[in-house]
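Q: This is a predicted model, with the sequence first.
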Amino acid sequence: MLVIRYHGRVTASAVERCAEEVRAALVKMQSGFRLLADFTELESMDVACVPYFEKIMELCDEKDVSAVVRIIPDPKRDIGLQIMSYFHYSGDVNIVTCHNLSDATKILSQ
């Protein structure tokens, strides 16, 4: 499983660095891995982050991610990830959004 956590005020440069870290981590991941993206501690995010999120999605899709579980406690704070998912993940990737880590853990343990 690959885990990405965002907290505080997230800038485009931070997500750009994250994309490079994801690229490096994916070398060690096997096809069919799962991704947990935790936005619990997110305060705000620049709109300029979008291209880097798209890149992370594409990198994971190329490595055949099987499931993406997102923790977004407040649905109003979803920055359009669900919509972007339609364009950057293949149709067979299971994508679930949860409100807390407990729910995400249950889904990932299935």
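A: Cool, the structure landed. Residues are numbered from 1 along each chain as shown.

Q: middle-most residue in the protein, spatially?
A: By C-alpha atoms, centre = their mean, the chain has its centre lying nearest to Ala37, at 4.1 Å.

Q: what's around the closest residue to Val10 other than its chain neighbours, how many residues?
A: Closest residue to Val10 apart from its sequence neighbours, by C-beta to C-beta, 6 or more residues apart in numbering: Met45 at 4.4 Å. Any C-beta I mention is one placed from the backbone N, CA and C, and that applies to glycine too. Met45: 20 surrounding residues under other C-beta atoms under 10 Å.

Q: Settle this for me: the residue nearest to the centre of the chain is touching Ile71, isn't it.
A: Yes - under the criterion of C-beta atoms under 8 Å, Ala37 makes contact with Ile71 at 7.2 Å.

Q: Scan the protein for its longest strand.
A: strand 34-45 (DSSP state E).

Q: Could you name the helices and strands sitting against that one?
A: strand 2-10, strand 67-71, helix 101-108 (3 or more C-beta pairs under 8 Å, 6 or more residues apart in numbering; DSSP states H and E).

Q: Can you tell me which of those is most buried?
A: strand 67-71 (a mean of 21; mean count of other C-beta atoms under 10 Å).

Q: Neighbouring strands of that one in the sheet, and parallel or not?
A: strand 34-45 (parallel), strand 94-98 (parallel) (DSSP bridges).

Q: Looking at these, which one is packed in the most?
A: Across the strands paired with strand 67-71, averaging neighbours per residue (mean count of other C-beta under 10 Å) puts strand 34-45 on top, at a mean of 18.

Q: pLDDT on that one, on average?
A: Averaged across strand 34-45, the pLDDT comes to 94.

Q: same deal with stretch 10-18?
A: Per-residue pLDDT values over stretch 10-18 give a mean of 97.

Q: Dump it to CSV, restricted to CA.
A: Taking Å, rounded to 0.1, in the frame of the first residue of the first chain, the C-alpha atoms of stretch 10-18 are listed here in CSV:
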residue,chain,number,x,y,z
VAL,A,10,-0.5,22.7,0.6
THR,A,11,1.3,24.5,-2.3
ALA,A,12,2.0,23.4,-5.9
SER,A,13,5.6,23.0,-5.1
ALA,A,14,4.8,20.6,-2.3
VAL,A,15,2.6,18.4,-4.5
GLU,A,16,5.2,18.6,-7.2
ARG,A,17,7.8,17.1,-4.7
CYS,A,18,5.1,14.6,-3.7
